[in-house]
Each structure stands twice: as C-alpha cells, then as structure tokens.
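Colleague: Please work out how this folds:
(4 chains)
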2 protein chains.
Amino acid sequence: MNEVSNFFKSAFSVDNIIFGFDEGDLKVLLIKRGADPFKGQWALPGDLVYPNENLETAANRVLFELTGLQKVYLEQVYTFGAVDRHPLGRVITIAYFSLVKISDFVITPSSFAQKAKWHTVEKAQVETLAFDHNDILNTCFNTLKTRVRFRPVGFELLPPKFTLTELQHLYEAILRTKLDKRNFRKKILSMHLLIDLNEMQEGVPHRPAKLYSFDKERYFKFEAEGFSFELKESKKKDQKRRFEELLEG
Amino acid sequence: MNEVSNFFKSAFSVDNIIFGFDEGDLKVLLIKRGADPFKGQWALPGDLVYPNENLETAANRVLFELTGLQKVYLEQVYTFGAVDRHPLGRVITIAYFSLVKISDFVITPSSFAQKAKWHTVEKAQVETLAFDHNDILNTCFNTLKTRVRFRPVGFELLPPKFTLTELQHLYEAILRTKLDKRNFRKKILSMHLLIDLNEMQEGVPHRPAKLYSFDKERYFKFEAEGFSFELKESKKKDQKRRFEELLEG
DNA sequence: GACCTTAGTGTAAAATCTACGTCAATTGCT
DNA sequence: AGCAATTGACGTAGATTTTACACTAAGGTC
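Modeller: Predicted structure coming up:
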C-alpha cells in the first residue's frame, strides 16, 4: 500500500481545441498565457482537473469560463502524456475538441488567460505554441478532418440558418480541398438532413440564396440505425491543385 | 504554487484490450484479479503508469509482462476518468487496444494476474468485469469495428500466412455480419495488398486454399499518399439477418 | 469411387459518382 | 432605366463501382 502511494503524485489537465468558422476560414481559439510556464506564449485553453471533477465536466468548465458557451459540441480526442511535457511535474493532458458558432460568441478571458484570440488554423499551426500544444493541435485538426467526413459535425460550426454555399465553403476549409458545387448540393440534399426554411438571404449584393437548417432529429434517427455520412473529394487531381494554389495565393 | 500541489495527488493507469482471433471467434484477453480491489473478478490487464514512464511505454510493458509479446499493434483509444471509477483514489485510465496473433502466443501471468484467459468478446461483454472495464471493453470493441473498415488492421490478428476465407471470417467476426464471398475476394484482391505466396494449405480435409500474406510495405506507401480502405457490409438486409440468426442459434 | 467439404471464379443490372455550362435574381453603378 | 457584376440554382450522359447470384474444381475420408 505504501508503494502505491508513490503513484499518487501526478496531475492531469484538459486542453480544449475550440474550432470556429468565420469569413471562409477555419479558426481555432488560442489564449496568450498570463502566467509561467510559457508566459506570453500562445496556448490552447486548458486547466488542471479538480480532484473531484470528471474529465468531461472539466472540459466543459474550461470552455464555459473562457467563452461563456454551454452545451456545445465537445468530444474527447486523445491523451498526451510524455514524461517531460510539463515543466512543473508529471501532468498528462486529455485533449477535447469543440465546435462553436463564432457568431454566438463573446470571449470572456478568465484569470489564466490574458488574452484570447481566434487564429486561422493555418497560422496557429506555424506559430510556436506552449507545451506540446502544436502536437495537440495537429492531432485534433486531423481528427476533425476525419470526423467531418463521417458525421455531420460540420453543422455545429455554422449559424442556425445557412446557405448551401456557406456549408460547402466550410467543408472546403476543413478538408482543404475544392468540391464541385452541383455534386455537393446533390449529395447533401439527397441525405435529407437539411430543412428548407423557405427563407432567403437578405442584404447580399447578388442573387439571394435559400436558407437551410440542419435536421438534428432526423440525423439521430439515422445514426441510431447505423448510417454513414461521407463526403468524398474530387477524384480529378486538377481541382485539388487549383484549390491549393488558391490557399497560397 | 501551494495550491497547485493539491492537484498532484492523482495517479493514472493504462488498460489493454488485447484482441485475438481463433477458431472463427474474436477473443479478448482477461485476467482474474489476484489482489484487491475486485479480487477474483475478471478484468482487463492494466497497471499504474510509473512517474517517469510514457503512456505508450507503459501499455507496451503491460502487454509484454503478460504475454511476452513485443512490437505488436497497439493504439490509444480513449481515456476514462470518472471520479469514482477506482476505489483507492483518483485514478484515470488510458485504454489501449492491441491486436495479436493468438498462435504467437504464450500467456505468462505476471504478479498481478493469477490467471489470464481468452474470452470470446460476446461472453466478455456479458460478464461483470472489475472497475469500469465493461465500458472500456465496449468502447474499444466499437473502435475496432470502425478501425477495421478503414485500415487493414485486421491482418494483425491473423498468422503470417492465411487464406482468403480465413480473412473473410475474421472480418465477419469483427463486423458481426455476413459478407459475400466473391465480392469480398474481388474487393480485397483489387487493393493489391496481399502477396500470393504460391503455396497451398496442407492437411485440410477438403480442397486446399491458396495462402497469402499481407503486403505491409505497399500499404504504408498507399497510406502515406492518402488512401482509404473500406469494407461495406451487404446492403441486402436479409444477409445480415441470416447471420444474426447464425450468431444466436 | 462415391461423397463430403471448401475453393475458386464471371457477369449483368443497378446504383453511384463525376464532369460540366447556362440562365436567373439581385445589387450597385452610371 | 439599363448594364455590369456577382452568386444561385439546376440536369444529364458516361464512367465506375457495387451488388446479387450458382456452378465446377480439388482434395480427403470412408
């Protein structure tokens, strides 16, 4: 029993990778650390888990303290536990990713965050983040890419009413590819997971588009009986290349 | 700083879900616990992680101590951290699943395992396991089902030389469905991931089948350039039902 | 050599996926 | 009022993939 007590000297934390979508870009929320270690560096929002707190509760708490948001999409992704990942001792961290509608959203920096700011994922990936947060971000971004092909999680990133073009741009930003407009629409509509709201966009300087919302109930029904939601990218390489040029230029 | 030290009172463990395949059944290795808590109950093999040990190292260690196997397929799946999941204190556990060839294999029960035994997954799922190990097993089994559809991990469960029928039975056992023989073969062979060994089964009381091995190198090449490996079950409901009857009867 | 068991194979019909071009509705500018 | 600019909406033909399905071949056993 005494030996066992030697093991009870570790801590664990949760880190949230909070994705949002705005102006055609996929973004991630980072905080500028207000305390050592890594003071002044950008980091993923996270915190130590209280001894009597469940992991998911902790992830929700961090999200709430930082953003004021509750009941948003949150999913455990991976646990990072390299021995030397934290300078203060053995701390393993459980990464959660979260998808939020940026529009809903007021950043309310908590005590441990001097400053919170949306970064495009591209920029965050080249930034030097605190701890092993670059690893974590990359892993979670890859998970998002995979997730979005098999579950309609993407809808969590859009406002309640959206156009098909907005939805397509979202998928293109996440998958970093270009999709064919007509095929995308056909595919999405054939799933019957969108509700046609019979409303139109307003105040846009061009032909207004129809607005849709996501039919969650219907999706849950389908999911219950085993249902795969997949989006494939164009098989023609040219399209993909064209998009990569777009990203760079 | 003093407050922070309150957090450093937790421990974490790894639990291994070791899958094997034998006699047409998917199996999982359980140990009968030799010490409290849960003495005498079946449990997943696991251990506390040493303070200076990486998670993956710990998972490999547990596997090695129990089975003598090294360098087998091992993948992190999920972290379980309910506050009350361990009676001795706050212990979160990181679940890894592992795929081994039962043939390779001699169980060498370590100090913490009185007895290790292969259980069919079906039976293990209805057994009352120690801690939250039923949860863990179910989660990992679902992950295996998904994994096997997109990556050729199944090969890890077979001996180095196998027949197409053995491969098909493996998939059927994992997916709990029935697959069409000709379509399965066509699909598998069209991936060009199997090496035809130009050898035949011997000593079987029927027409001997060709032996194949898995072409790992080729797979890694494909994987590197983004490649999806998918097996779908029959869309005709009847086939599935027929198989479910088989499972029950 | 009869019979039992599993191995091995092809095809046609259906479903899905891919590439692609034109007219429509609105705003803003002149 | 008319025109330019912008994005929305839509269908089809050809290619590819998926599905369902049944008979002969090879070896072992008795």
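
Colleague: how about the helices in chain A?
Modeller: A:2-5, A:55-67, A:121-126, A:133-150, A:164-175, A:181-190, A:216-224, A:237-248 (DSSP state H).

Colleague: Which one of the ones you listed lies nearest to DNA strand C?
Modeller: The closest of those to DNA strand C is helix A:181-190. By C-beta to the nearest atom of the strand, the value is 3.5 Å. To be clear about C-beta, it is placed using only N, CA and C from the backbone, and glycine gets the same treatment.

Colleague: quick one: buried residues of that closest one?
Modeller: A:Phe184, A:Ile188 (16 or more other C-beta atoms under 10 Å in any protein chain shown).

Colleague: And DNA strand C, is that helix touching that?
Modeller: Yes: for helix A:181-190 and DNA strand C, the contact criterion (C-beta under 7 Å from any atom of the strand) is met by A:Lys181, A:Arg182, A:Asn183, A:Lys186, A:Lys187.

Colleague: hang on, the earlier thing: quick one: which of the helices of chain A is nearest B:Thr120?
Modeller: Closest to B:Thr120 of those is helix A:216-224 (C-beta to C-beta; 26.1 Å).

Colleague: Quick check: which ranges of chain A have low pLDDT?
Modeller: Applying pLDDT under 70 to chain A flags the ranges A:1-3, A:106-114, A:225-249.

Colleague: So which bits of it are right by chain B?
Modeller: Within reach of chain B by C-beta under 8 Å from any C-beta of the partner chain, chain A has these residues: A:4, A:6-12, A:48-55, A:76, A:78-79, A:81-83, A:88-90, A:92, A:94.

Colleague: Can you flag the buried ones in those?
Modeller: By 16+ other C-beta under 10 Å, the residues of chain A next to chain B give A:7-8, A:10-12, A:48-49, A:53-55, A:76, A:78-79, A:81, A:90, A:92, A:94 as buried.

Colleague: Among those residues, which lie within strands?
Modeller: Taking DSSP state E as the definition of strands, these contribute A:Ala11, A:Phe12, A:Leu48, A:Gln76, A:Tyr78, A:Thr79, A:Ile92, A:Ile94.

Colleague: of all those residues, which comes closest to B:Met200?
Modeller: Of these, the one sitting nearest to B:Met200 (C-beta to C-beta) turns out to be A:Tyr78, at 44.0 Å.

Colleague: what about that closest one, distance to A:Pro87?
Modeller: From A:Tyr78 over to A:Pro87 the distance is 21 Å, taken as C-beta to C-beta, to the nearest Å.

Colleague: Can stretch A:157-167 be said to contact DNA strand D?
Modeller: Yes: remark: stretch A:157-167 sits within contact range of DNA strand D at A:Thr163, A:Leu164, A:Thr165, by C-beta under 7 Å from any atom of the strand.

Colleague: In CSV, could you pull the C-alpha coordinates for that stretch?
Modeller: Written as CSV, here are the backbone C-alpha positions of stretch A:157-167 (Å, rounded to 0.1, in the frame of the first residue of the first chain):
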residue,chain,number,x,y,z
LEU,A,157,-19.8,25.4,-36.8
LEU,A,158,-22.5,27.3,-38.7
PRO,A,159,-25.2,29.6,-37.6
PRO,A,160,-28.7,28.1,-37.3
LYS,A,161,-29.6,29.3,-40.8
PHE,A,162,-27.1,28.9,-43.6
THR,A,163,-26.9,28.6,-47.3
LEU,A,164,-25.6,25.6,-49.2
THR,A,165,-22.7,27.7,-50.4
GLU,A,166,-21.7,28.5,-46.9
LEU,A,167,-21.9,24.9,-46.0
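
Colleague: Run through who's touching it.
Modeller: Outside stretch A:157-167, the residues within contact range by C-beta atoms under 8 Å, 6 or more residues apart in numbering or on different chains are A:19-21, A:26, A:99-101, A:103, A:154-155, A:170, A:181, A:184-185, A:188, A:197, A:199, A:201, A:209-214.

Colleague: Apply 6 Å and report the result again.
Modeller: For stretch A:157-167, contacts defined as C-beta atoms under 6 Å, 6 or more residues apart in numbering or on different chains pick out A:Phe21, A:Leu99, A:Lys101, A:Ser103, A:Arg185, A:Ala209, A:Leu211, A:Ser213.
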